[in-house]
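Asks: from the sequence below, what's the structure:
(2 chains)
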Number of protein chains: 2
Amino acid sequence: MLSDLKYDEKGLIPAIIQDIRDGQVLMLAYMNEKSLEMTLQTGFTHFWSRSRQKYWKKGETSGALQEVKEIYYDCDQDSLLIKVIQHGNGACHTGERTCFYRKL
Amino acid sequence: MLSDLKYDEKGLIPAIIQDIRDGQVLMLAYMNEKSLEMTLQTGFTHFWSRSRQKYWKKGETSGALQEVKEIYYDCDQDSLLIKVIQHGNGACHTGERTCFYRKL
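Replies: So this is what the prediction gives:
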């Protein structure tokens, strides 16, 4: 349940974004309570940008919107898994489809 | 590259664990530099437990070991995606296969 979620000391919860069609993990970003509400209300992912300290609708300028299909929370209630349909070219600002494009 | 990774102010980096066989996202846990080294050296995931403040070899007591197949890092170099073969019954201490078993 929404009220069970645990945010960290900065009021944030990490959200794993996964493409529901092929299972590819696209990115990890952070939400606060309000950006999660915006996500639920609009059906598109909204995050809190830690570097820019502002709300951020994913794909607002690039068109790489993320249409939310399912949201899960984990056993500790301190992280989210959001399954989306990725619009546009992909999730990463570099032009790659996933932010996880480099192997260690 | 390993030296490019960015740890947070507590020395931690979040690691998404995904089953390489079916793409299921199993859990999100945190590593520090040493637990990542232990992971690379042994081929099995090791984490830093924030609640218990100790190193933690996943599955050491339960048998639910995670055999590491591939490790990716993201464009910001501040999160990891680790593809594993999940051994035992599953990743979650509740007995579920994935920690993300509840829908919001």
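
Asks: would you mind naming what in chain A lies close to chain B?
Replies: Applying C-beta under 8 Å from any C-beta of the partner chain, we find that chain A lies next to chain B at A:1-2, A:14, A:16, A:18, A:22-25, A:27-28, A:40, A:70-76, A:79-81, A:92-94, A:96, A:99-104. No exception for glycine: its C-beta is placed from N, CA and C like everyone else's.

Asks: if any of the residues you listed are buried, put those into a PyMOL selection.
Replies: Buried subset of the residues of chain A next to chain B, written as a PyMOL selection, criterion 16 or more other C-beta atoms under 10 Å in any protein chain shown:
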select buried, chain A and resi 14+16+18+24+25+27+28+71+72+73+74+75+79+80+81+92+96+99+100+104
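
Asks: quick one: which of the residues of chain A next to chain B sit in strands?
Replies: Residues of the residues of chain A next to chain B located in strands (DSSP state E): A:14, A:16, A:18, A:25, A:27-28, A:70-73, A:80-81, A:102-103.

Asks: contacts only, for the residue of chain A found nearest chain B.
Replies: Per C-beta to the nearest C-beta, A:G23 is where chain A lies closest to chain B, at 3.0 Å. By C-beta atoms under 8 Å, 6 or more residues apart in numbering or on different chains, the contact set of A:G23 is B:22-24.
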